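Student: This is a predicted model, with the sequence first.
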Amino acid sequence: MRRLGKVSHYAKQGFLILRTEWVPSLNDPVVDKGLTMVGVVKDVFGPVKRPYVAVKPRVRNPEDYVGALLYVDSSRKKSGRKSGQARKGRSGKKRPKGGKARRPTPRKRG
């Protein structure tokens with residue numbers, strides 16, 4: 001668990017805005033000091049040395065968190081696909097190694 005920063009305000013777009021010393025990854029889970037899930041990181045913006053972070057809240061009253069310290073909980077991070085694993089299409093067929101799947105040539109009429 002790593003300290004993210006103190007919530008400065010609740011924006012009218014629906015995000016908790018805070019300032020941090022480091023750059024978190026997008027969709028990292030954000031918790032409070034009681035390990036309650038507050039939301040996820042949706043945007044990082046501003047200067048490189050001290051960027052701002054927009055957290056999309058998943059709590060009922062996000063205004064209550066203004067002034068609170070928030071943390072990124074790496075143990076809650078969802079494990080995605082390993083690098084190198086290809087994503088299968090809807091039909092479950094693998095694509096040819098040449099890149100994109102090709103459409104079949106249209107049939108001539110007449």
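Tutor: In hand now; what should we look at?

Student: can you pull out the strands in this protein?
Tutor: 2-10, 16-19, 29-31, 37-45, 52-57, 69-72 (DSSP state E).

Student: nearest to Gly110, of those?
Tutor: Using C-beta to C-beta as the measure, strand 37-45 is the one of these that comes nearest Gly110, at 54.8 Å. Every C-beta, even on glycine, is put in place using the N, C-alpha and C of the backbone.

Student: In that closest one, which residues are buried?
Tutor: Buried residues in strand 37-45, defined by neighbour count with 16 or more other C-beta atoms under 10 Å: Val38, Gly39, Val40, Val41, Lys42.

Student: and what of stretch 7-17?
Tutor: Neighbour-count burial for stretch 7-17 flags Val7, Tyr10, Phe15, Leu16, Ile17 (criterion: 16+ other C-beta under 10 Å).

Student: Compute the first-to-last residue distance for it.
Tutor: 6 Å (C-alpha to C-alpha, to the nearest Å).

Student: any idea which residue sits dead centre in the protein?
Tutor: Nearest to the mean C-alpha position of the chain, by C-alpha atoms, centre = their mean, lies Asn27 at 1.7 Å.

Student: how close does that residue get to Arg76?
Tutor: Asn27 is 11 Å from Arg76, where distance means C-beta to C-beta, to the nearest Å.

Student: in the sheet, who's paired with Arg3?
Tutor: Listed by DSSP bridges, the beta-bridge partners for Arg3 are Tyr71.

Student: Surely Pro29 is in contact with Leu70?
Tutor: No - the pair Pro29 / Leu70 is not scored as a contact, 10.5 Å apart, by C-beta atoms under 8 Å.

Student: Pick out whichever of these two has more residues nearby.
Tutor: The neighbour count for Pro29 versus Leu70, taken as other C-beta atoms under 10 Å, is higher for Leu70 (23 against 20).
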